[in-house]
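A.B. asks: Please find the sequence and the predicted model below.
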Amino acid sequence: MKIDIKDLKKTYGDEVVLDDVNLQLDHVEAIALLGISGSGKSTLLRLMSGIEGFDKGSIQIDDGPINTRAYKDKIGFVFQHGNLFPHMTVLDNIVLILEKVKKRDRATSVEKVEKLLKQFGLIEHKDKYPYMLSGGQQQRLSIVRSLAVDAEIFFFDEPTSALDPILTNEVLDMVKELRTLGKKFFIVTHEIGFARHVADYVMFLDGGKIIEHGTTEILDQPQTEQFKKFLSKVLSFEQS
Amino acid sequence: MKIRNFIQYILSILTFVFGVVLVILNTPNANIDFSIYAPYFRLILSGFGWTILISILIFILSFVLGLVFFFTSRSKIAYLRYITGHVTDLMFGTPMLVWVIFSYFFIGNATGIESKLFWGITSLTIYFGPFMMKLYVSAYESLDQNQFVVCDLFGFSKLQTYRYVIFPQMIRIMLPPLSGNLATIIKSSSLLYLIGFHETYYNITTIQSKTFAFTEGYLILLIVYLVITIPLLRLTSYLEKSVKI
């Protein structure tokens, strides 16, 4: 995947959330965005996914613009909450999209979805409603849904921050599995261990700027004071 | 324990019956005789029928009007937003009674439309429109806004987003207060006696003025309205418990 960000600026009213962001990368597949709350990492993720506009600058992914239908068809976005349609069963949450939006016939849609649910261990829940699932199962279902429409690039905005450690691992294992399926992803996360082992590129943001970025080795040799401080805080309980 | 509970339930109802009996016993010239009303059975039934019919019509129309107001209150055109705001202020801020009379006797006269049915339904529909709008607004605001983003990403059209995702969720949230609103509309429809519309209250007062059997008339009124509204209110609290989305 190729990423080209130039002079990016984003404001909410008077508040500047991202400023002067520049980034040119090639051959990256799994990118972790790190930073404290308010650093701009979630905003950068949202801008790169195209779900939110920006004030100034440009973003291109794989040499193409991101505000197109074709790009939207290629991506999947997993929020911390509100991904699933709460009034529909697990099966219908996905079938609805294939049948009504992608205009495939119901039988093949159901067949495809059931196959995916089976593959990711959710088939026994297919007739349940989202509120009957665990937080981890809900997030996994969100991922399966994007797989069902053949998304290629996934965006995760702190997908596990509302989950306990066991459910967190359950979700992160599935994100990891995406790589074996040849999918690419961006993830905003506080799980440094996950970033180290699964991502191939790491960005650290602070105060609306990318302070450091590089392959996962930068986690072991932080250059700036901010990144050192951040890592020491996050890792202080994690003797790895 | 269950039997004990049941006995207490019966006792609690008897408390009210006893209260009513006590009041009637202390009412001068109240020789309760419901048979006076027997010849007017058909009239009472017709009033009952009209009450139900216009209530349902007002309910449906104000539900639709509430949706229209919901959209106009969020319109890009400022004029529409202001108009919606004024209607809301007017209906929230004035007694229904004044509005019903004003509609029929004044607007009716000025426009030359003299139908009681028309003004009865119209005045209450407009009166309840803003109340219905508030239901839409609070349901809409309680939705997770990510639902819109998700729909857009998956390629839903605006219509599909509302049809398959937004409205079904809003309706579920609105159902309990909606059935409460229907009960309020049924009770409020009695105000249409003011313009001489033949609903339950009007018919009973007509019989009362012929027979002078006032006490019986009011008792019948109480019973008729409770027969309609109590099941509705039960449904409301049932829905409140069962609707989880």
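C.D. replies: Looks like it came in fine. As the structure is a prediction and not an experimental result, all values here were calculated from the model.
A.B. asks: Please export the C-alpha coordinates of stretch A:152-167 as PDB.
C.D. replies: Provided in PDB are the C-alpha atoms of stretch A:152-167 (Å, rounded to 0.1, in the frame of the first residue of the first chain):
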ATOM      1  CA  GLU A 152      -9.200  -4.500   1.200                       C
ATOM      2  CA  ILE A 153      -8.100  -1.800   3.600                       C
ATOM      3  CA  PHE A 154      -9.400  -1.800   7.200                       C
ATOM      4  CA  PHE A 155      -9.500   1.100   9.600                       C
ATOM      5  CA  PHE A 156      -9.700   0.400  13.300                       C
ATOM      6  CA  ASP A 157     -10.400   3.200  15.700                       C
ATOM      7  CA  GLU A 158      -9.500   1.900  19.200                       C
ATOM      8  CA  PRO A 159     -11.500  -1.300  18.500                       C
ATOM      9  CA  THR A 160     -10.700  -2.800  21.900                       C
ATOM     10  CA  SER A 161     -10.600   0.100  24.300                       C
ATOM     11  CA  ALA A 162     -14.000  -0.900  25.700                       C
ATOM     12  CA  LEU A 163     -13.000  -4.600  26.200                       C
ATOM     13  CA  ASP A 164     -11.400  -6.600  28.900                       C
ATOM     14  CA  PRO A 165      -8.000  -8.200  28.100                       C
ATOM     15  CA  ILE A 166      -9.400 -11.600  27.100                       C
ATOM     16  CA  LEU A 167     -11.900 -10.100  24.600                       C
END
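A.B. asks: can you count the residues close to the nearest residue to B:Ile186 once chain neighbours are set aside?
C.D. replies: Nearest non-adjacent residue to B:Ile186, counting by C-beta to C-beta, 6 or more residues apart in numbering or on different chains: B:Ser55, 4.4 Å away. Quick note: C-beta positions are derived from backbone N, CA and C, even for glycine. Using other C-beta atoms under 10 Å in any protein chain shown, B:Ser55 is surrounded by 23 other residues.
A.B. asks: what helix or strand is B:Ser55 on?
C.D. replies: Taking DSSP states H and E as the criterion, B:Ser55 maps to helix B:41-72.
A.B. asks: roughly how far out does that helix sit from the chain middle?
C.D. replies: 7 Å (C-alpha atoms, centre = their mean, to the nearest Å).
A.B. asks: Likewise for stretch A:203-215?
C.D. replies: Centroid separation between stretch A:203-215 and its chain, computed with C-alpha atoms, centre = their mean, is 17 Å.
A.B. asks: And stretch B:199-210, by the same measure?
C.D. replies: Mean-position distance between stretch B:199-210 and its chain equals 21 Å (C-alpha atoms, centre = their mean).
A.B. asks: Give me the contact list for it.
C.D. replies: B:37, B:40, B:43-44, B:46-48, B:50-51, B:54, B:189-190, B:192-193, B:196, B:213-214, B:217-218, B:220-221, B:224-225 (C-beta atoms under 8 Å, 6 or more residues apart in numbering or on different chains).
A.B. asks: swap the cut-off to 7 Å and go again
C.D. replies: Residues external to stretch B:199-210 that are found in contact with it (C-beta atoms under 7 Å, 6 or more residues apart in numbering or on different chains): B:37, B:40, B:43-44, B:46-48, B:50-51, B:54, B:189-190, B:192-193, B:196, B:214, B:217, B:220-221, B:224.
A.B. asks: Emit the ChimeraX select command for whichever of the residues you listed are buried.
C.D. replies: The buried residues among those can be selected in ChimeraX (16 or more other C-beta atoms under 10 Å in any protein chain shown) with this line:
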select /B:37,40,43,44,47,48,50,51,54,189,190,192,193,214,217,220,221,224
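A.B. asks: re the thing from before, relative to B:Glu199, how far out is the residue nearest to B:Ile186?
C.D. replies: Relative to B:Glu199, B:Ser55 is positioned 9 Å away (C-beta to C-beta, to the nearest Å).
A.B. asks: any common contacting residues for the two?
C.D. replies: With C-beta under 7 Å, 6+ apart, B:Ser55 and B:Glu199 have common neighbours B:Ser189.
A.B. asks: what residues does chain B put near chain A?
C.D. replies: B:144, B:146-147, B:149-150, B:153-156, B:160, B:164-165, B:168-169, B:172, B:244-245 (C-beta under 7 Å from any C-beta of the partner chain).
A.B. asks: Repeat the analysis, applying 8 Å as the threshold.
C.D. replies: Neighbours of chain A within chain B, by C-beta under 8 Å from any C-beta of the partner chain: B:144-147, B:149-150, B:152-156, B:160, B:164-165, B:168-169, B:172, B:244-245.
A.B. asks: Now do the helices in chain A.
C.D. replies: A:41-49, A:69-74, A:90-96, A:106-119, A:135-148, A:165-180, A:192-198, A:225-235 (DSSP state H).
A.B. asks: closest to B:Ala78 out of the ones you listed?
C.D. replies: Evaluated over the helices of chain A, closeness to B:Ala78 peaks at helix A:41-49, with 29.8 Å, by C-beta to C-beta.
A.B. asks: Could you double-check that the residue nearest to B:Ile186 sits in contact with B:Ser189?
C.D. replies: Yes - B:Ser55 lies in contact with B:Ser189 (C-beta atoms under 8 Å); the separation is 5.1 Å.
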